[in-house]
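Engineer: Structure, please.
(one chain, ligands or ions: 1)
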Amino acid sequence: MGCAISGLAAKADFGEKTTDDSCAARPSEAQIQMIKDSWKVIRDDIAKVGIIMFVRLFETHPECKDVFFLFRDVEDLERLRTNRELRAHGLRVMSFIEKSVARLDQLERLEALALELGKSHYHYNAPPKYYSYVGAEFTCAVQPILKEQWTAELEEAWKTLFQYVTNLMKQGYQEESTRQRQLALSPKDRPEKRNTAL
Ligand code: HEM
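Structural biologist: Numbers count the residues shown, from 1 in each chain. Have a look, this model is predicted:
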């Protein structure tokens with residue numbers, strides 16, 4: 001399996017520690033520049049990175065596989081490396097990362113995007129406790145592509161971006177969960193309509 005997160009950066013966990021939506025730091029200007037530069041290299045391999053990322057996610061956290069209707073019954077993870085649906089799914093996630101990188105200079109747009117993604121994950125039954133794993137697997141998948149360009153600072157920059165995005169996703173998930181609970185409660189909580197017609 002390899003890659004226990006490069007170890008170059010301080011061993012902070014990958015986003016799990018904060019659930020308070022106001023806590024995740026925004027990437028700094030210097031980090032934004034590093035992320036953009038490295039993305040120019042990573043984007044040539046996005047299909048590959050997407051697959052590696054998800055196969056690793058299912059290896060390290062098999063409980064995540066159960067969330068995916070299409071993959072939950074696949075026992076042999078090696079078969080997933082050539083699976084068309086996993087490739088398409090990986091590409092959807094990678095294109096979200098691409099959009100996030102493109103919005104780094106307009107963080108309010110990135111925030112709106114990540115909040116919406118969190119809301120849709122409520123409907124996918126994908127709970128927030130799993131989101132931080134994706135950033136860790138992304139880091140492992142891109143390291144061999146970036147080779148000596150991978151540094152502790154770059155690792156910290158990507159970690160900051162993933163923490164920022166996944167925290168917003170968690171917030172979106174929680175908002176949607178609250179909204180759905182209120183919708184479910186509202187019919188019986190609604191005051192009975194009086195028939196005022198005589
Ligand atoms: C950084 C974390 C994650 C990101 C950026 C992400 C991104 C995405 C994106 C872009 C989609 C495509 C559909 C849409 O835009 O709504 C998607 C779909 C989905 N995600 Fe995630 N995701 C993340 C974590 C997870 C985790 C950890 C799970 C499961 C444990 C998960 C389960 C799903 C499922 C079931 C779908 C719908 C099926 C599909 O589109 O193929 N996601 N995700």
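Engineer: right, quick check: the helix-or-strand element of the chain with minimal mean pLDDT against the ligand, any contact?
Structural biologist: Every helix and strand of the chain was ranked by mean pLDDT, DSSP states H and E. The lowest is helix 77-80, at a mean of 88. No - against the ligand, helix 77-80 shows no contacts by CB under 6 Å from any ligand atom, the least distance being 13.0 Å. The way it works is simple: take the backbone N, C-alpha and C, and place the C-beta from them, glycine included.
Engineer: Now do that helix: which elements does it pack against?
Structural biologist: Here helix 77-80 touches helix 46-60, going by 3 or more CB pairs under 8 Å, 6 or more residues apart in numbering; DSSP states H and E.
Engineer: Can you name every helix or strand that the helix it packs on contacts?
Structural biologist: helix 62-65, helix 77-80, helix 84-102, helix 131-146.
Engineer: give me that answer again for 6 Å
Structural biologist: helix 77-80, helix 84-102, helix 131-146 (3 or more CB pairs under 6 Å, 6 or more residues apart in numbering; DSSP states H and E).
Engineer: Same list, these, but as JSON lines with mean neighbour count please.
Structural biologist: Listed next are these as JSON lines, based on neighbours: other CB atoms under 10 Å:
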{"stretch": "helix 77-80", "mean neighbour count": "14"}
{"stretch": "helix 84-102", "mean neighbour count": "16"}
{"stretch": "helix 131-146", "mean neighbour count": "21"}
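Engineer: Least reliable of these by average pLDDT, please.
Structural biologist: In terms of mean pLDDT, the lowest-scoring of the helices and strands packed on helix 46-60 is helix 77-80 (a mean of 88).
Engineer: Not counting it itself, show me its contacts.
Structural biologist: Val55, Phe58, Glu59, Val74, Leu86 (CB atoms under 6 Å, 6 or more residues apart in numbering).
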